[in-house]
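> Okay, here's the prediction I keep looking at, along with the sequence it came from:
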Amino acid sequence: MEYVIATTVSTDEIHLADGSVIENQPGSAGFYALAGVRVFTDKVAVCGGIGPEYLPRHEKWYRRNQVSTKGLVLRSPISPTIVIHYFPDGSRVDEPNIGLNEFRALDPSVDEVFDCCDRNTKGVYVFKAVERDYLDGLIGGKLRFGYKLMWEISEDACTPKQIDVIESYLKDIDVFSINRGEAMLLYGTDDEAEAERRLAKASPNWVFFRRGAQGAHLLAGGRVYDCPGVPGVQAVDTTGGGNSSSGAVLYGCCEGYDPQMAGCMGSAAAAVIIGQFGVPDVFTEEMRCKAFEQAKDCIHAAGRAQQDC
């Protein structure tokens with residue numbers, strides 16, 4: 001498979017402020033990254049552990065969208081479910097039915113990731129804390145299969161005591177994805193620009209520096225590429241916007257797009273994902289073409305903003 005998403009998957013049950021409930025929405029950070037790749041290609045597979053209810057709930061979505069489930073392995077008697085409560089002020093509370101350690105135990109092993117890979121594999125995405133044996137294994141797989149590796153780091157790993165370890169991996173990570181809040185936690189600063197400068201100095205490869213509603217910066221080759229958000233998008237549910245943009249950036253990197261275009265493809269993918277609760281029921285060719293056009297528009301918008309400065 002060309003793109004492999006190594007992740008734990010879950011089911012979201014969304015309780016809206018008006019009392020209505022949206023049930024059986026596929027979710028998790030990695031699943032939204034998968035959706036970001038799926039905006040641009042159907043050559044994507046997911047691998048990870050699942051409970052017995054997962055495929056009966058979601059297999060139709062995978063089939064409609066031509067996403068392989070061969071890498072999903074029945075491993076737990078419990079299917080992770082996250083109940084999301086939205087309140088009138090726009091805030092939300094997430095209530096998972098299992099703990100973080102139990103959730104992470106459903107991550108695929110390195111060998112299970114490799115079972116989904118072949119010499120046609122272009123990119124592998126992983127959402128992880130600092131697990132050195134795991135990262136070392138996937139880095140070793142780059143030599144075996146020739147893929148590029150994206151590491152989207154989890155927030156709990158972003159502490160100053162992890163700086164040296166994380167920075168030591170950046171030479172082997174083709175695309176490192178982190179949001180600005182995580183970066184500031186990592187470097188123990190409330191200065192976003194300082195955290196960004198330190199990441200740019202530490203990595204010889206790409207850093208996808210996510211900035212929420214302001215879009216992102218793509219740090220590469222000693223330059224900062226501005227990748228603004230798509231204008232005029234009505235955000236229905238921002239869940240997964242950052243994860244989906246990460247998946248799209250990995251796709252852009254592996255397909256040979258320049259850093260700014262890849263970053264703006266991330267903005268376009270996020271615009272697709274936040275346009276409804278959960279991910280779209282069906283990804284279409286029209287959606288893909290629109291996303292490419294929106295990415296190009298974002299590049300033009302970034303150019304105008306730079307001229308105005």
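It's in. Numbers count the residues shown, from 1 in each chain.
> Next one: the residue most central in space within the chain from Ile166, what distance?
Nearest to the mean C-alpha position of the chain, by C-alpha atoms, centre = their mean, lies Asn243 at 2.7 Å. Separation of Asn243 from Ile166 (C-beta to C-beta, to the nearest Å): 19 Å. Every C-beta, even on glycine, is put in place using the N, C-alpha and C of the backbone.
> and the nearest residue to the residue nearest to the centre of the chain once chain neighbours are set aside, how many neighbours?
Distances taken as C-beta to C-beta, 6 or more residues apart in numbering put Tyr32 closest to Asn243, at 3.7 Å, once the chain neighbours are dropped. Neighbourhood size, Tyr32 [other C-beta atoms under 10 Å]: 27.
> before we move on, which element is Tyr32 in?
Following DSSP states H and E, the helix or strand that holds Tyr32 is helix 29-38.
> Tell me which helix or strand comes right after that helix.
Next element after helix 29-38 (DSSP H and E): strand 44-50.
> secondary structure element for Phe208?
strand 206-210.
> Let me see the residues that make contact with the next helix or strand after that strand.
Where DSSP H and E defines the elements, the next helix or strand beyond strand 206-210 is strand 216-220. Applying C-beta atoms under 8 Å, 6 or more residues apart in numbering, the external contacts of strand 216-220 come out as 196, 199-200, 203, 205-211, 224-227, 245, 249, 259-260, 262-263, 266-267.
> Likewise for stretch 120-128?
1-7, 29-30, 33-34, 37, 107, 113, 117, 134-135, 138, 141, 145-154, 157, 243, 246-247, 250-251, 253-255.
> Can you get me a residue count around the nearest residue to Cys227 once chain neighbours are set aside?
Using C-beta to C-beta, 6+ apart and skipping the chain neighbours, the partner closest in space to Cys227 is Gly263 (3.2 Å). Neighbours of Gly263 under the rule other C-beta under 10 Å: 33.
> Can you point out the buried residues in whichever strand or helix holds Gly263?
Assessed by DSSP H and E, Gly263 sits inside helix 259-273. Going by neighbour count (16 or more other C-beta atoms under 10 Å), the buried part of helix 259-273 is 259-273.
> Would you tell me what the next helix or strand after that helix is?
Per DSSP H and E, the first helix or strand lying C-terminal to helix 259-273 is helix 285-308.
> Would you indicate which residues of that next one are buried?
Met287, Arg288, Lys290, Ala291, Gln294, Ala295, Asp297, Cys298, Ile299, Ala301, Ala302.
> Nearest to Gly71 among those residues?
Nearest to Gly71 among these, counting by C-beta to C-beta, is Arg288 at 23.2 Å.
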